[in-house]
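> okay, sequence plus prediction incoming.
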Amino acid sequence: MNKIIIKFFRTKVTHFNIKRINSMRNISVPVNKSAMERLDFNDCVDGDLIELTLDEDNFASLLESKVINQLNNELNINIDDYEDEKIIDLDKLITAKNIIQISIISNNNEVLIQLLTQVDHAIKYKTGLFFYFFCRLIGVIYLLYLASNFI
């Protein structure tokens, strides 16, 4: 059974542009505490979130700037393609803002300016910055791995 699943999986992957189809990366800011609670339950309504959606080029630019690594190291978080992450503590949001501002000086790219705007919104609304960097391919591989243990 495992071989059938793996063979099917390999066949499907060759028919898709994995980079374009299987990635979804959003950086979201709830506009108030109620919106933040709804976000926890995946029950947001229109107007609850200010969202920044990153395409592959913007995401690559963000990675090249090293700001994600700096945020992870300084704030003791783990922004990556494998799980969601959030920054909700005001002190951490201010630290994130400082990191991004310094990075803008040396990198000066548009995605960093957009990220800084998101942090400013999170501080203004006293909510948080929510990173949803989900690679569907990783999710499928993980689900297949779990399924193979039960077959």
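Yep, that arrived.
> kindly tell me how buried residue 85 is, as a neighbour count.
19 (other CB atoms under 10 Å). In this view, the C-beta of every residue, glycine as well, is placed from N, C-alpha and C.
> same thing with the one 5 residues further on?
One way to gauge burial is a neighbour count; for residue 90, by other CB under 10 Å, it gives 12.
> just confirm it contacts residue 127, I think it does.
No. The criterion here is CB atoms under 8 Å, and residue 90 misses it with residue 127 at 10.1 Å.
> which strands and helices lie in contact with the longest helix along the chain?
Ranked by residue count under DSSP state H, the longest helix found in the chain is helix 90-107. Under the contact definition 3 or more CB pairs under 8 Å, 6 or more residues apart in numbering; DSSP states H and E, helix 90-107 sits against helix 67-75, helix 110-125.
> give the rounded mean pLDDT of the longest one.
The reference is to helix 110-125. Per-region confidence: helix 110-125 scores 98 on mean pLDDT.
> quick check: angle from the following helix or strand past it to helix 90-107?
Using DSSP states H and E, the helix or strand that follows helix 110-125 in sequence is strand 129-135. Inter-element angle recorded for strand 129-135 and helix 90-107: 60 degrees (by axes from the mean of the first three to the mean of the last three CA atoms, to 10 degrees).
> and strand 129-135, how far out from the chain's middle?
2 Å (CA atoms, centre = their mean, to the nearest Å).
> coming back round to it: what is in contact with residue 90 and residue 127 at once?
Counting by CB atoms under 8 Å, 6 or more residues apart in numbering, residue 90 and residue 127 have no contacts in common.
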